[in-house]
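Asks: got a predicted model here, sequence first, then my questions.
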Amino acid sequence: MTLVLLVRHGLTATTGGVLTGWTPGIPLDDRGRGQAAALAARLAPMRFDAIISSPLERCRQTAEAIAGSDGPKVRQDDRLGECHYGDWTGKPLKRLAKEPLWRVVQAHPSAMRFPGPGGESMLDMQHRAVSAVRDWNAALGPDAVYLVCSHGDVIKSVLADSLGMHLDMLQRIQIDPCSVSVVRYTPLRPFVLRLNDTGGAVDSLARPAAKRPGARAGGDSDGAVGGGAGDPAPMLGAGGAAPSGTGR
């Protein structure tokens with residue numbers, strides 16, 4: 001089996017308010033750096049064969065915090081970068097929620113192509129992200145344990161594939177900042193072991209020693225395009241998944 005930990009980057013100054021997309025120079029803010037440090041401490045029992053990151057700064061910072069001085073060198077893969085939101089990039093989510101295409105993103109994302117030059121379809125985003133994970137699975141081998149640091153919509157699309165869900169079910173998944181989702185890939189099918197975990201211990205995920213050498217912009221029922229800033233409600237027990245939203 002290949003075990004993949006999917007980590008969303010920590011908070012930035014724009015998370016949950018603006019659809020940042022591929023805008024350069026958006027680092028983690030103080031909250032995000034604190035989240036990344038806490039996640040690094042929580043993942044300390046893990047020994048990763050590789051840490052792969054989106055090229056965007058907020059993901060690289062999160063991945064490097066997890067790698068620390070003892071972990072593997074962080075590698076980048078453009079295919080795990082954020083969705084290309086086209087003309088929606090940099091726009092406030094409250095304004096975008098009034099756009100006619102917002103309902104398409106919510107109810108029929110498989111038909112959505114973001115408007116303007118460079119706008120990407122959500123199907124193309126899913127295809128490149130899933131292909132990247134599958135390629136890393138093959139390159140690292142069936143006994144590998146590795147981590148991918150990416151973005152909410154990207155992670156949600158990979159999880160939808162792993163769950164055998166149509167992409168139109170994307171908005172039923174919530175991925176909060178610095179959450180961990182875990183997929184075990186086998187020759188027959190993937191198994192989703194954890195989803196949107198923001199507080200659980202990871203001891204059960206460590207390889208046996210013998211094997212080692214914020215509020216919705218369009219309403220409560222809408223997925224937070226770009227991912228949102230996380231749910232302020234307390235977790236339902238250590239290691240449980242937060243109540244379900246999408247990923248910036």
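Replies: That came in fine, so what should we check first? Because the structure is predicted, anything quoted here is derived from the model rather than measured.

Asks: all strands of the chain, in order?
Replies: 2-8, 50-53, 74-76, 145-150, 180-185, 190-197 (DSSP state E).

Asks: who wins for proximity to Lys98 among those strands?
Replies: strand 2-8 (26.1 Å; Cβ to Cβ). The C-beta positions use only the backbone N, C-alpha and C, and glycine is treated the same way.

Asks: can you tell me the strand partners of that closest one and which way each runs?
Replies: Strand 2-8 has the following strand partners under DSSP bridges: strand 145-150 (parallel), strand 180-185 (antiparallel).

Asks: now the first one, how far from the chain's geometric center?
Replies: Just to be clear, that refers to strand 145-150. With Cα atoms, centre = their mean, to the nearest Å as the basis, strand 145-150 stands 10 Å off its chain's centre.

Asks: now do the last one
Replies: Relative to the centre of its chain, strand 180-185 is centred 11 Å away, using Cα atoms, centre = their mean.

Asks: and what of stretch 47-58?
Replies: Using Cα atoms, centre = their mean, the offset of stretch 47-58 from its chain centre is 12 Å.

Asks: okay, the strands paired with strand 2-8, which one's buried deepest?
Replies: strand 145-150 (a mean of 26; mean count of other Cβ atoms under 10 Å).

Asks: ok, Ala201 touching Arg42?
Replies: Yes. If you go by Cβ atoms under 8 Å, Ala201 and Arg42 touch, sitting 7.4 Å apart.

Asks: ok, back up a step: tell me which of the strands paired with strand 2-8 lies nearest to Asn137.
Replies: Going by Cβ to Cβ, the one of the strands paired with strand 2-8 nearest Asn137 is strand 180-185, 5.4 Å.

Asks: in PDB, list the C-alpha atoms belonging to the closest one.
Replies: The C-alpha trace of strand 180-185 is given here as PDB (Å, rounded to 0.1, in the frame of the first residue of the first chain):
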ATOM      1  CA  VAL A 180      -4.900  16.400   7.300                       C
ATOM      2  CA  SER A 181      -6.700  13.900   5.100                       C
ATOM      3  CA  VAL A 182      -5.200  10.400   4.600                       C
ATOM      4  CA  VAL A 183      -5.600   8.000   1.700                       C
ATOM      5  CA  ARG A 184      -4.300   4.500   1.500                       C
ATOM      6  CA  TYR A 185      -3.800   3.400  -2.100                       C
END
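
Asks: can you list the residues that contact it?
Replies: 1-7, 39, 43, 137, 155, 158-159, 162, 175, 190-198, 200, 202, 205 (Cβ atoms under 8 Å, 6 or more residues apart in numbering).
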